[in-house]
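J.: generate a structure from the sequence data that follows.
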Amino acid sequence: MSEFKIHTVETAPADSKAILEGAVKQMGVVPNLFGTMAESPNLLKAYTQLNELFTNTSFNAEELTVVWQTINVEHECHYCVPAHTAIAHSMKVDAAITDALRNDTALPTAKLQALKDFTLSMVRDRGNVPAAAMEAFFSAGYGQQQVLEVILGLSQKVISNYVNHVAETPVDPMFESFAWKK
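T.: The predicted structure follows:
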């Protein structure tokens, strides 16, 4: 396998530079994931737009974290689990939630557990979610909008998880303290 380049603002294709410059302004660095994605400006643009769209759904910070981390753990993403642990901390998500997600144990509330279970079903069943799983999700208080928003979150995570798998993206120093293995 060839080694994937991790771009900086200076080495990135012209159409990726603005997004990388924005990352530096927001985070102080170009995360390795962005630097890797920068080789394909349209992929980088799609990922960042999906992230923005997903973070502006009806889900709160805990629910966003449940969707992201459920998918990251299921996909065994060595990069995204630590990154989203750090993101969850910055969003003030209770460590009990992030620990349960990282360790694949029960979540502290029935509603969050229903979201995790539904998200797992969406991933494992490739969108062919069984009727019982749909009913359990709706019974927990979620609706059709949230079904579609889980699909939006999944589309974002497929991009990042798969890029990290094929590129073997190194975990950034800012996420290393949250390193994870299944």
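J.: now name the helix or strand holding residue 148.
T.: helix 144-167 (DSSP states H and E).
J.: same question for that helix: list its buried residues.
T.: Applying a neighbour-count criterion of 16 or more other C-beta atoms under 10 Å, one finds 146, 149-150, 153-154, 156-157, 159-161, 163-164, 167 buried in helix 144-167. Quick note: C-beta positions are derived from backbone N, CA and C, even for glycine.
J.: can you tell me what sits against it?
T.: Helix 144-167 is contacted from outside by 1, 4, 33, 36-37, 43, 46-47, 50-51, 53-54, 57-59, 64, 67-68, 71-72, 75, 77-80, 115, 118-119, 122-123, 127, 134, 137, 169, using C-beta atoms under 8 Å, 6 or more residues apart in numbering.
J.: could you check how far that helix is from the centre of its chain?
T.: Relative to its chain's centre, helix 144-167 lies at 7 Å (C-alpha atoms, centre = their mean, to the nearest Å).
J.: can you check stretch 87-102 too?
T.: Stretch 87-102 has its C-alpha centroid displaced from the chain centroid by 13 Å (C-alpha atoms, centre = their mean).
J.: try stretch 94-108
T.: That offset, for stretch 94-108, works out to 16 Å (C-alpha atoms, centre = their mean).
J.: next, the distance between the ends of that stretch.
T.: From its first residue to its last, stretch 94-108 covers 10 Å (C-alpha to C-alpha, to the nearest Å).
J.: now do the helix or strand hosting residue 44, average pLDDT.
T.: For residue 44, the element it lies in under DSSP H and E is helix 41-55. Across helix 41-55, the average pLDDT comes to 98.
J.: residues of that helix that come out buried?
T.: Buried, per 16+ other C-beta under 10 Å, within helix 41-55: 41, 44, 47-48, 50-51, 54.
J.: what's that helix packed up against?
T.: On a contact count with 3 or more C-beta pairs under 8 Å, 6 or more residues apart in numbering; DSSP states H and E, helix 41-55 meets helix 14-27, helix 32-37, helix 61-74, helix 144-167.
J.: would you list the buried entries among the contacts of helix 144-167?
T.: Burial by neighbour count, 16+ other C-beta under 10 Å: within the contacts of helix 144-167 this picks out 4, 33, 36-37, 47, 50-51, 54, 57, 59, 64, 67-68, 71-72, 75, 77-80, 115, 118-119, 122-123, 137, 169.
J.: which ones are touching residue 86?
T.: Each residue near residue 86 by C-beta under 8 Å, 6+ apart is listed here: 174-175, 178.
J.: nearest residue to the one residue sitting closest to the centre of the chain in space, please, no chain neighbours.
T.: When the chain is reduced to its mean C-alpha position, the nearest residue by C-alpha atoms, centre = their mean turns out to be residue 68, at 4.0 Å. Leaving out its chain neighbours, the residue that sits closest to residue 68 by C-beta to C-beta, 6 or more residues apart in numbering is residue 84, at 4.9 Å.
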